[in-house]
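Student: fold the following, please.
(one chain, ligands or ions: 5)
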Amino acid sequence: MVYTEHTTTLEKYMSLPQKGKVIAEYIWIDSQGGLRSKGKTLSKAVTDLSQLSEWNFDGSSTGQAVGTNSDVYLRPVAYYPDPFRKGDNILVLCECWNSDGTPNKFNHRHECNKLMTAHFDEKVWFGLEQEYTLLDPDDGYIYGWPKGGFPAPQGPYYCGVGAGKVFARDVIEAHYRACLYAGVTITGINGEVMPAQWEFQVGPCLGIKMGDELWMARYLLDRVAEEFGVKVTLHPKPLKGDWNGAGCHTNVSTELMRHPGGMKYINDAIDKLSKRHSEHIALYGTDNALRLTGKHETASMENFSAGVANRGASIRIPRSVQATGYGYFEDRRPASNIDPYLVTGIMVETVCGSIPD
Ligand code: ADP
Ligand code: MN
Ligand code: MN
Ligand code: MN
Ligand code: MN
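Tutor: Ligands and ions are numbered 1, 2, ... in the order given. Predicted coordinates for the structure are as follows:
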């Protein structure tokens, strides 16, 4: 049976006064690229990040530490209004740190932030297109698909309208509003080519904010979908066969690229990217080989390619950017299950240079 919350009953309690107390939900990334969170009572509303104290959790229960030395520390790095509890309650994004003062193995934000800080003057913007697929939590099959069978072939579903072409629009609508409430820079949503697959875009975001906001948007999606009794998967190829995979196209620009004459810098960046194809691919998500086949609007994983308005290339320069001569480029290689800190980090390293010792 699909679990759904007792919404009306819960509402009675959600509207009770909190007597001045505030709930902060501390959120972190686990060893599987999943999200975890736990709640904490604060004595007053938070107006600055510095007011949020460090906390900890049992890392042996999340695959982030061994049982004999299990404390992992949560360091708050950003906070957002909580669309579920509302009021002064907040969601707190955290980095994970070990007790010996080193970043936890799965804390990729720390390195990313160093790169972003070193290249702060280049004002690197990112825009990520997060594709994802909805599943029925009971059997793990694609949400809304006929059991043991398939819907009609792809064609009518991309940006589709109407019954039979759209699956779970309510979840997508709720997530959109939750992102806006939390202050996530969500730029849009669309139904995808494969039925029950959707996309939302976040950006442009400056530097480290990209990873932070994408993780928050994912957290909000998981929470919203949980309430609707729907499961979200970020797997890049949820179903083999003639069904599109799921990516996380990564749009990038530096200050120089965004102004007249910028095309030169875009071409320079593409040239640098062409020389580090395999290093990038290594950080572009697990099981991405199942998706980057050269079919279904992807480029083969074997070769690097670039082109204007070409959705079968590794890197696409949007037609409008070619026309004006400046703007941004799109890296189409990253899979839906990337850690955005790894991807934006190596992007800055390749395009702007590594951190000087
Ligand atoms: P597509 O045509 O590939 O489906 P989308 O509209 O889904 O494109 O997404 C485009 C993304 O590019 C958005 O996330 C947007 O924020 C981002 N973007 C737009 N301009 C820039 C820019 N100058 N630098 C980086 N990202 C940008
Ligand atoms: Mn306990
Ligand atoms: Mn898109
Ligand atoms: Mn898409
Ligand atoms: Mn795209």
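
Student: going forward, measure contacts and count neighbours with C-alpha atoms only.
Tutor: Will do.

Student: can you give me the buried ones in the lowest-mean-pLDDT helix or strand in the chain?
Tutor: In the chain, no helix or strand scores lower on mean pLDDT, DSSP states H and E than helix 7-14, which sits at a mean of 88. Residues of helix 7-14 include none that count as buried (16 or more other C-alpha atoms under 10 Å).

Student: stretch 186-193 too?
Tutor: For stretch 186-193, the neighbour count (16+ other C-alpha under 10 Å) marks 186, 189-193 as buried.

Student: for that stretch, the distance to its chain's centre please.
Tutor: Centre-to-centre, stretch 186-193 and its host chain are 13 Å apart (C-alpha atoms, centre = their mean, to the nearest Å).

Student: which residues are in contact with that stretch?
Tutor: Under the contact criterion C-alpha atoms under 8 Å, 6 or more residues apart in numbering, stretch 186-193 has outside partners 131, 154-160, 166, 172, 176, 179-180, 197-203, 243-244.

Student: then it to CSV, C-alphas only?
Tutor: As requested, the backbone C-alpha atoms of stretch 186-193 are provided in CSV (Å, rounded to 0.1, in the frame of the first residue of the first chain):
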residue,chain,number,x,y,z
ILE,A,186,14.5,27.5,-9.8
THR,A,187,14.1,28.7,-13.4
GLY,A,188,11.6,26.3,-14.8
ILE,A,189,10.1,22.8,-15.1
ASN,A,190,9.1,20.6,-18.0
GLY,A,191,7.8,17.1,-18.7
GLU,A,192,10.5,14.9,-20.3
VAL,A,193,10.6,12.6,-23.3
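
Student: let's test this: mean pLDDT of that stretch, rounded?
Tutor: Stretch 186-193 shows a mean pLDDT of 98 in the predicted model.

Student: what does stretch 31-51 give?
Tutor: Computed over stretch 31-51, the mean pLDDT rounds to 97.

Student: so what's Y141 up against?
Tutor: If you count contacts by C-alpha under 8 Å, 6+ apart, Y141 has them with 135, 147.

Student: do you know the pLDDT at it?
Tutor: Note on Y141: pLDDT of 96.

Student: rewinding a little: list just the nearest of the buried residues of stretch 186-193 to W97.
Tutor: I186 (28.8 Å; C-alpha to C-alpha).

Student: circling back to that earlier point, helix or strand next in line after the least confident helix or strand of the chain, which one?
Tutor: On the C-terminal side of helix 7-14, the nearest following helix or strand under DSSP states H and E is strand 22-29.

Student: for the chain, which segments count as strands?
Tutor: Assigned by DSSP state E, the strands in the chain fall at 22-29, 35-42, 55-58, 71-81, 90-98, 125-135, 186-191, 197-206, 231-233, 248-253, 306-308, 315-317, 329-331.

Student: with distance to ligand 1 added, can I get those in a markdown table?
Tutor: Listed next are the strands of the chain as a markdown table, based on distance: least, C-alpha to the nearest ligand atom, whole Å:
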| stretch | distance to ligand 1 |
| --- | --- |
| strand 22-29 | 22 |
| strand 35-42 | 22 |
| strand 55-58 | 33 |
| strand 71-81 | 20 |
| strand 90-98 | 21 |
| strand 125-135 | 4 |
| strand 186-191 | 6 |
| strand 197-206 | 4 |
| strand 231-233 | 19 |
| strand 248-253 | 4 |
| strand 306-308 | 12 |
| strand 315-317 | 8 |
| strand 329-331 | 7 |
